[in-house]
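J.: attaching a predicted model along with its sequence, questions to come.
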Amino acid sequence: METEFTLYSPTKIGYLLLEFQPQVQKLLSLSINDKIPAKSYLTNSKLSSNYQNRDNVLEQLNSYFLSAISLKSIPIALNGTDFQKSVWEELRKIPLGETRTYGEIAKKLKSSPRAVGNACRKNPIPLVVPCHRVISASGIGGFSGEVNGRQIDIKRWLLQHEGVQL
């Protein structure tokens with residue numbers, strides 16, 4: 001499968017590394033990095049690419065960081081188990097500025113909060129598939145497999161940026 005890696009310019013939460021699948025014109029993954037990985041390159045947009053919608057994705061992400069907007073129109077390709085995909089589809093239904101608990105999603109899917117948390121941790125496209133909008137019944141919960149530190153700071157920033165009162 002041919003992919004193209006693009007490191008997006010710095011955002012308020014770090015560098016966004018995007019992986020595209022040009023054949024089907026979809027975003028495969030997004031990761032948040034503290035610094036530019038040595039084997040990647042930085043782009044602001046408009047570089048030649050087989051991925052025709054890349055500029056649109058970058059513009060939407062830029063707009064999100066300027067003023068929280070929905071990222072639902074970004075075309076994505078989700079690779080995971082059937083259960084993970086069902087969790088990720090539920091995450092995409094959570095409106096901007098709202099949260100759900102792991103337990104609420106688990107109940108809807110007839111599963112457990114821990115299984116939902118594990119699917120959130122495996123989410124290949126955070127922000128676009130808004131796993132940051134899922135919190136625990138007793139607090140903010142985790143983000144990207146961490147329950148404290150930089151990842152939780154990012155989750156807190158994203159939620160506050162979207163208007164969620166913590």
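T.: Noted; the coordinates are in hand. Residues are numbered from 1 along each chain as shown.
J.: quick check: domain ranges of the protein?
T.: Per automatic domain parsing, the structural domains of the chain span 4-66, 82-161.
J.: deepest in the core, which of those is it.
T.: domain 82-161 (a mean of 18; mean count of other Cβ atoms under 10 Å). (Each C-beta comes from the backbone N, C-alpha and C, glycine too.)
J.: end to end, how far does it reach?
T.: 31 Å (Cα to Cα, to the nearest Å).
J.: for G103, which non-adjacent residue is closest in space?
T.: Closest residue to G103 apart from its sequence neighbours, by Cβ to Cβ, 6 or more residues apart in numbering: P113 at 4.7 Å.
J.: R54 too?
T.: Closest to R54 by Cβ to Cβ, 6+ apart is F20, at 6.3 Å.
J.: any idea which element the one you found lies in?
T.: strand 14-21 (DSSP states H and E).
J.: by contact count, what packs against that strand?
T.: Helices and strands touching strand 14-21, as assessed by 3 or more Cβ pairs under 8 Å, 6 or more residues apart in numbering; DSSP states H and E, comprise strand 4-11, strand 26-33, helix 54-66.
J.: give me the below-cutoff pLDDT ranges for the chain.
T.: Within the chain, the stretches with pLDDT under 70 are 1-9, 22-24, 37-52.
J.: now do the strands in it.
T.: Using DSSP state E, the strands found in the chain span residues 4-11, 14-21, 26-33, 42-43, 100-101, 134-135.
J.: how about CSV for those strands, with distance to L58 added?
T.: Formatted as CSV, these follow (distance: least, Cβ to Cβ, whole Å):
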stretch, distance to L58
strand 4-11, 6
strand 14-21, 8
strand 26-33, 11
strand 42-43, 8
strand 100-101, 28
strand 134-135, 26
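J.: what's the closest of those to I154?
T.: strand 26-33 (6.3 Å; Cβ to Cβ).
J.: send the alpha carbons of that closest one over as PDB?
T.: The C-alpha trace of strand 26-33 is given here as PDB (Å, rounded to 0.1, in the frame of the first residue of the first chain):
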ATOM      1  CA  LYS A  26      -8.000   9.200   2.500                       C
ATOM      2  CA  LEU A  27      -6.100  10.100   5.700                       C
ATOM      3  CA  LEU A  28      -4.800   6.900   7.400                       C
ATOM      4  CA  SER A  29      -3.200   8.300  10.600                       C
ATOM      5  CA  LEU A  30      -2.400  11.400  12.500                       C
ATOM      6  CA  SER A  31       0.100  11.600  15.400                       C
ATOM      7  CA  ILE A  32       1.100  14.400  17.700                       C
ATOM      8  CA  ASN A  33       4.800  14.900  18.100                       C
END
